[in-house]
Structure formats: structure tokens, C-alpha cells
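Novice: Provided below for reference: sequence and predicted model.
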Amino acid sequence: MKRPLVLGLALAAIAAGAGWWLLRTPEAPPSAPGSIAIDPAHPDPADEGRTVSLTGELVVEGAAHDDPLGIGTRAPGLLREVAMYQWREHCDGDRCRYDTGWEDGAIDSAAFRQPEGHANPGEQPFDDAAFYADRVRIGALTVVPALLRTLPTEPLPATLGQLPPNLAASFSERDGVLYSGDPDAPAVGDLRIRYRQLQAGTVTLSGLQRGSELQPIP
């Protein structure tokens, strides 16, 4: 009669241990298989060309800046995300329907089966782009932009006051997002521009130690 109680206690202990592990696991810094943990403040030249894992505070020197639009941040990097309000074609067999919506990248309406009345602009005046600070390092190692792109991002609100006067006059702003037209009644060809910035702070990265740089693993 006591066996169910003993079994129940054993299962509870296992569950508690599993729960502790689930809570503890995210605290363990992720690293690439086969990497070696190093002190970023004192990288060893003997580790040249090896896959290393390191944890430390990102130090940002300079600013990430989108010069054409005047948006900048002291974060490691800045991402510009552009969408254009365009005609879209949806075909099922011989039947096609058309609607409008926000899309990344210019859609070639000349390739539509019925291009008449569904014309899109040929190209976008601004495209998606990434901008990085002059230098970002962990300890004595410089983190190259290709590796910075693996960092998590967060929204960066933009304001009209940051834009050059000629662009500020033709854009509007809603919740930190820039629109080249009326966000409540967009027209074909209108742009929507959002920004995200790379998060700084303490991070764990894995990469190749090449001289004074931390580079992506091929």
C-alpha cells in the first residue's frame, strides 16, 4: 500500500528536478559546439583561428547612423526596414484577383497577367539597410558586423525632427513609424519605414578569433 506513495514522491522529485533544470538552463551561456571559453579582456594569441565563446559587455564606439534619413543610435547597429504599398496579384489557375497592401521590395506589376489598372512604381526610393557603429568590442576583441547581425533587436522609434527638412515635409509619423503618405489611407507607392536597433549590454557570442577580431563561424 505504500508503493504508490513512494512512486508518487519519486515522480515529484524528478519533476522538481526537471523544473529546476528548465529554470537554470537559460542562464547557461550558449556556445558553439567545440568552442572554448575565453576571457575577452585577455585573448590568447594561441587561440588564433579557433572557435571561441565569450561573455562580456558590448562597448560601442561611435554611432550607427542612417545618413540619408538622419536616424541614428548609440546601439551596436541600426536596421532600416522599408515596405511599399503596392498592388498584389493572387492567381489560382486561370483566375486572378488583385488587392493592395504593404510589401517588402518592389513588385513588378508588368509581370501581372492583367497589368492594366494595377501599376506599381518601378522601384523604391529607399530599401532595407543595415548601419553599424564605428567599432563594437567585447574586451580586447572587435566584433565584426557580420557577427553583430546575430544579436537580438528591439524597435527604435523615429521622429520627424530627425529627418532632413526636405524629407520631414513629405513624411508623417505614427507610433515611431515613418510614412510617406497618410497612414490611415495609404496610396500605391507610399512608403512605410521602421527602425530596429541591435541590443547592447552583456552578451554571449561564439566566433572565430582572428587577430584582434571576433568573426562569424563559416
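Specialist: Here it is on my side, so go on. Residues are numbered from 1 along each chain as shown.

Novice: can we go C-alpha only for contacts and neighbour counts from here?
Specialist: Noted.

Novice: specify the local secondary structure of the residue nearest to Leu167 when sequence neighbours are not counted.
Specialist: For Leu167, ignoring the flanking residues on the chain, the nearest one in space by Cα to Cα, 6 or more residues apart in numbering is Leu69 at 7.7 Å. Secondary structure for Leu69, judged by DSSP: H, G, I helix; E, B strand; the rest coil, is coil.

Novice: how far away is the residue most central in space within the chain from Glu81?
Specialist: Nearest residue to the geometric centre of the chain (Cα atoms, centre = their mean): Thr153, 4.8 Å. Here Thr153 is placed at a distance of 12 Å from Glu81 (Cα to Cα, to the nearest Å).

Novice: between the two, which contacts overlap?
Specialist: Listed as contacting both Thr153 and Glu81 by Cα atoms under 8 Å, 6 or more residues apart in numbering are Arg196.

Novice: direction included, what does the longest strand seen in the chain pair up with?
Specialist: For the chain, the strand with the greatest residue count under DSSP state E is strand 77-92. Strand pairing for strand 77-92, using DSSP bridges, gives strand 95-103 (antiparallel), strand 129-132 (antiparallel), strand 191-198 (antiparallel).

Novice: immediately after the worst-scoring helix or strand of the chain on mean pLDDT, which helix or strand?
Specialist: Every helix and strand of the chain was ranked by mean pLDDT, DSSP states H and E. The lowest is helix 3-24, at a mean of 37. Counting by DSSP states H and E, the element after helix 3-24 in chain order, helix or strand, is strand 36-37.

Novice: give me the mean pLDDT for the following helix or strand past that next one.
Specialist: Toward the C-terminus, strand 36-37 is succeeded by strand 51-61 as the next helix or strand (DSSP H and E). For strand 51-61, the mean pLDDT works out to 96.
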